[in-house]
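Trainee: just need the structure, nothing else, for what follows:
(2 chains)
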Protein chains: 2
Amino acid sequence: MKKILNAILPKGFKANGVACGLKKSGKLDLALIYSRFPALACAKFTTSSILAAPLIVCKEHLKAFKRFQAVLVNSGNANCFTGKAGIQDARETAGYVAQALGIEQGSVLVNSTGIIGKRLDLGKIKQGIPELVSGLSSFGIHKAKTAIMTTDTFAKEVSLRIKIGDKLVRICGIAKGAGMIAPNMATMLCFIMTDAVIFRRALDKALGAAVDKSFNRISVDGCMSTNDTVLVLANAAAGNEIISAGADLEKFAKALELICMVLAKMVVSDAEGATKFIQIDVYQAKDVPEAKKVALDIANSVLFKTAVFGENPNFGRVAAAVGASGLGIKEEQLKIRLGTLKGKKVRLAVSLSRGKAKCTVYTCDLTPEYVKINAAYN
Amino acid sequence: MKKILNAILPKGFKANGVACGLKKSGKLDLALIYSRFPALACAKFTTSSILAAPLIVCKEHLKAFKRFQAVLVNSGNANCFTGKAGIQDARETAGYVAQALGIEQGSVLVNSTGIIGKRLDLGKIKQGIPELVSGLSSFGIHKAKTAIMTTDTFAKEVSLRIKIGDKLVRICGIAKGAGMIAPNMATMLCFIMTDAVIFRRALDKALGAAVDKSFNRISVDGCMSTNDTVLVLANAAAGNEIISAGADLEKFAKALELICMVLAKMVVSDAEGATKFIQIDVYQAKDVPEAKKVALDIANSVLFKTAVFGENPNFGRVAAAVGASGLGIKEEQLKIRLGTLKGKKVRLAVSLSRGKAKCTVYTCDLTPEYVKINAAYN
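Mentor: The predicted model follows:
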């Protein structure tokens, strides 16, 4: 498995990003991913009961259609809590793309990220489409990954290739993160493209496992978003023997998990205002859900996070978070090892003396800068 | 029901506070409450599975004994996560008080607040006891309420009197708060003294109801402490006809609830680093637990809290918090009214269109100052 720097997209994919004016800053804010070949699509969405309009449209399309060719994503506006009009707006934007590319509207997926509760400016998006489509390129992923950023300080992408039989299969993922990151399904936007030939059920299974071990084990601020999406498109251009089960699926699933894990860690590294990347390992839990709950309860304790920011080895706050978890863990069961807090990377190990399960979760510190960023965000 | 300013303690009670050296600052850090008459005691403790040592000792005493005469409280150290040695230390301090006052050790209750995970300095406490006891006074509540402060910026006390039959009954409560405040039982230290004559069961019932409507409906940072305690002592010195049920109990319960509510609001007003006091009213919920969960999920959303700090009317973050609550509340059910954010007091009203229940919760904004206080606390 090789990492490809300066990635070319998997076969048959093109991408682009433009500035259509949704961001006041004039930065890139509209991204398009396009596959020349109709592609399978699998997705994991936020478990919030309040879904952003584009997610509702995505779900409709994923249910009604079998193949997809385009993903349109805007930043600067989440198109969420915008009612029926917002859903109509999301459909409208899918229509623009379909028309410009000469494909069916149902084969276009859409997503949005940014402020919640404001209507999309359709005029700006419509105006941006011609440039967006005409600039599509197999080198265009850099612009696309930049156009989906909100408070991110760097664009997030990872690519790799694996061999299935004698064919090279490529996988490329991009993500945006930074805030409103909590571990309950996707928790940000992530778009993954692969040219693999694979059964839908196998792809869905691999995606579920990858998301569970990556995006569902990170937390920035414990706030789950209304727009969280991890979407994978597989366009079968690699021409490999179809992946269904066994060693090939294992290999593919491992690669997909690596893509998700690298992107998830990038999201934590780039968390709003953060100065520390924290790895929390919980050992000797009864089972993995218990280990995960303890790790996430610590990760979401603002008192633990501020202590790490202050390089203040206040392990009592770890004990308080574990005690408050509702799992009945007793003082005499709990062992805490907190590494040095001086560097950029911090490790915390917690042992529960209750069993053999373990789980690792990634998080960051809470800083005055996080507060300032989110006090001003609009 | 009259508020008494510059309160005199209820009949038979005395209090005092001294600086014994647990706080590096040299501020008051050891408080004593004493009742000349053996008093009934009822308490509500944190639901954390990791209990501070003094709470373990308190529970033992409350179970084994029927009447109590003293409460010793230190700040500057929580005596939590200190193992069996910590429990022995807590017992030891009860012993000092018992000896100095010439009462049984079992009639002394103890509590601690401050840093978790460090042993108490027994020498300092022992040295402080003679001055603490000799200075006991019916005007000493000011020193006692000051000595239990940690990061509090003002001491918290409220007193009132009611008439039961032809007798005046007094109730006085003191509290400390500031951080590690979450709504799951008491959530800070609160000591209430009354000279009422009341049945134990009636007192316990009134206390449970009062705590549920006050301390369990506030949140500063969503972090539940290991030391949370609300303790009430009733020494029967008022000589009223015993309160058991009916109108008298209702009157007493209402007064106790008011004491708790005023103190709970003071805790939120004085929350670490806060600049805003936020009232969240949730209406039209299926039932009170649903209304309370929604209100608290909003109250604990760091994104909502930072938006209020920034006077940024980002109601989308309210929608995100409600969507993430796991209650299945849909966009079309949700109405949000966010008042002006300019002043010190902010009101948010949320309607769920699901029923007739309502609940009010109090919280505060999240500020860079909160982060700085908790990054440095030790």
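
Trainee: quick one: mean pLDDT for stretch A:172-189?
Mentor: In this model, stretch A:172-189 has a mean pLDDT of 66.

Trainee: could you measure from the closest residue to chain B within the stretch 1-150 of chain A over to residue B:331?
Mentor: Nearest to chain B, among the residues of the stretch 1-150 of chain A, is residue A:116, at 2.3 Å (Cβ to the nearest Cβ). (Glycine included, C-beta is placed from N, CA and C.) Taking Cβ to Cβ, to the nearest Å as the measure, residue A:116 falls 11 Å from residue B:331.

Trainee: repeat that for residue A:56.
Mentor: Residue A:56 is 9 Å from residue B:331, by Cβ to Cβ.

Trainee: those two: which is more packed in?
Mentor: Neighbour comparison, residue A:56 and residue B:331: the larger count goes to residue B:331, with 22 against 19 (by other Cβ atoms under 10 Å in any protein chain shown).

Trainee: returning to that earlier point: what's the overlap in contacts for residue A:116 and residue B:331?
Mentor: Counting by Cβ atoms under 8 Å, 6 or more residues apart in numbering or on different chains, the residues touching both residue A:116 and residue B:331 are A:81, B:319.

Trainee: what segments of chain A are strands?
Mentor: A:2-3, A:13-18, A:30-45, A:68-75, A:108-113, A:156-164, A:167-176, A:189-194, A:218-219, A:229-234, A:277-285, A:335-338, A:345-351, A:357-364 (DSSP state E).

Trainee: the stretch 151-300 of chain A: helices as residue ranges?
Mentor: Under the criterion DSSP state H, counting those that start in this stretch, the stretch 151-300 of chain A contains helices at A:200-213, A:246-269, A:288-299.

Trainee: quick one: list the elements packing against the first one.
Mentor: Secondary-structure packing of helix A:200-213 (3 or more Cβ pairs under 8 Å, 6 or more residues apart in numbering or on different chains; DSSP states H and E): strand A:30-45, strand A:229-234, helix A:246-269.

Trainee: mean pLDDT for the ones you listed - can I get that in a markdown table?
Mentor: Formatted as a markdown table, these follow (pLDDT from 0 to 100):
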| stretch | mean pLDDT |
| --- | --- |
| strand A:30-45 | 96 |
| strand A:229-234 | 93 |
| helix A:246-269 | 93 |
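
Trainee: and the helices of the stretch 151-300 of chain A, which is most packed in?
Mentor: Highest mean neighbour count among the helices of the stretch 151-300 of chain A (mean count of other Cβ atoms under 10 Å in any protein chain shown): helix A:288-299, with a mean of 22.

Trainee: any idea which residue of chain A is furthest from its center?
Mentor: residue A:332 (37.9 Å; Cα atoms, centre = their mean).

Trainee: can you add distance to residue B:84 and give the helices and strands packed on helix A:200-213 back as CSV?
Mentor: Shown next, in CSV, are those (distance: least, Cβ to Cβ, whole Å):
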stretch, distance to residue B:84
strand A:30-45, 47
strand A:229-234, 48
helix A:246-269, 38
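
Trainee: so which of those gets nearest residue A:322?
Mentor: helix A:246-269 (21.1 Å; Cβ to Cβ).

Trainee: got a list of what the closest residue to residue A:43 other than its chain neighbours touches?
Mentor: Spatially, and ignoring its direct neighbours in sequence, residue A:43 is nearest to residue A:231 (4.4 Å; Cβ to Cβ, 6 or more residues apart in numbering or on different chains). By Cβ under 8 Å, 6+ apart, the contact set of residue A:231 is A:41-43, A:58, A:71, A:109, A:111, A:190-192.

Trainee: beta partners for residue A:231?
Mentor: residue A:43, residue A:191 (DSSP bridges).

Trainee: can you give me the domain boundaries for chain A?
Mentor: Domain ranges of chain A: A:2-269, A:277-376, per automatic domain parsing.

Trainee: can you add distance to residue B:28 and give those back as CSV?
Mentor: Shown next, in CSV, are the domains of chain A (distance: least, Cβ to Cβ, whole Å):
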stretch, distance to residue B:28
domain A:2-269, 36
domain A:277-376, 22
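
Trainee: distance of residue A:225 from residue B:317?
Mentor: 10 Å.

Trainee: please read the previous query as pertaining to residue A:122.
Mentor: For residue A:122, the distance to residue B:317 - Cβ to Cβ - is 24 Å.

Trainee: kindly report the same for residue A:374.
Mentor: 9 Å.

Trainee: for residue A:192, see how far away residue A:101 is.
Mentor: 20 Å.

Trainee: isn't residue A:47 right next to residue A:225, touching?
Mentor: No: taking contacts as Cβ atoms under 8 Å, residue A:47 lies outside contact range of residue A:225: 10.6 Å.

Trainee: picking that back up, nearest to residue B:30, out of the helices of the stretch 151-300 of chain A?
Mentor: Short answer: helix A:288-299, nearest of the helices of the stretch 151-300 of chain A by Cβ to Cβ, at 32.0 Å.

Trainee: that closest one close to chain B?
Mentor: No: with Cβ under 8 Å from any Cβ of the partner chain as the criterion, chain B is not reached by helix A:288-299; the gap is at least 10.0 Å.

Trainee: let's see that helix as CSV, backbone CA atoms only.
Mentor: C-alpha atoms of helix A:288-299 as CSV (Å, rounded to 0.1, in the frame of the first residue of the first chain):
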residue,chain,number,x,y,z
VAL,A,288,-15.3,-2.0,23.4
PRO,A,289,-18.4,0.2,23.9
GLU,A,290,-17.5,0.7,27.5
ALA,A,291,-13.9,1.5,26.6
LYS,A,292,-15.1,3.9,23.9
LYS,A,293,-17.6,5.6,26.2
VAL,A,294,-14.9,6.2,28.9
ALA,A,295,-12.5,7.5,26.3
LEU,A,296,-15.1,9.9,24.7
ASP,A,297,-16.3,11.1,28.1
ILE,A,298,-12.8,12.1,29.0
ALA,A,299,-12.3,13.6,25.5
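
Trainee: quick one: residue A:39 and residue A:267, what's the gap?
Mentor: 25 Å.

Trainee: leaving aside the residues next to it on the chain, what's closest to residue A:48?
Mentor: residue B:323 (3.6 Å).

Trainee: any idea of the pLDDT on that neighbour?
Mentor: 85.

Trainee: contact partners for the nearest residue to residue A:297 once chain neighbours are set aside?
Mentor: Counting by Cβ to Cβ, 6+ apart, residue A:297 lies nearest to residue A:325, which is 4.6 Å off, once chain neighbours are set aside. Residues in contact with residue A:325 (Cβ under 8 Å, 6+ apart) are A:293-294, A:297, B:49.

Trainee: tell me which two in those are the farthest apart.
Mentor: A:293 and B:49, at 12.8 Å, using Cβ to Cβ across the contacts of residue A:325.

Trainee: anything in contact with each of those two?
Mentor: Here residue A:293 and residue B:49 have A:325, A:327 as joint contacts, going by Cβ under 8 Å, 6+ apart.

Trainee: hang on, residue A:356 packs against residue A:284?
Mentor: Yes: at 6.6 Å, residue A:356 counts as touching residue A:284 under the criterion of Cβ under 8 Å.

Trainee: who's more crowded, the two?
Mentor: A count of neighbours by other Cβ under 10 Å puts residue A:284 above the other of residue A:356 and residue A:284, at 17 against 10.
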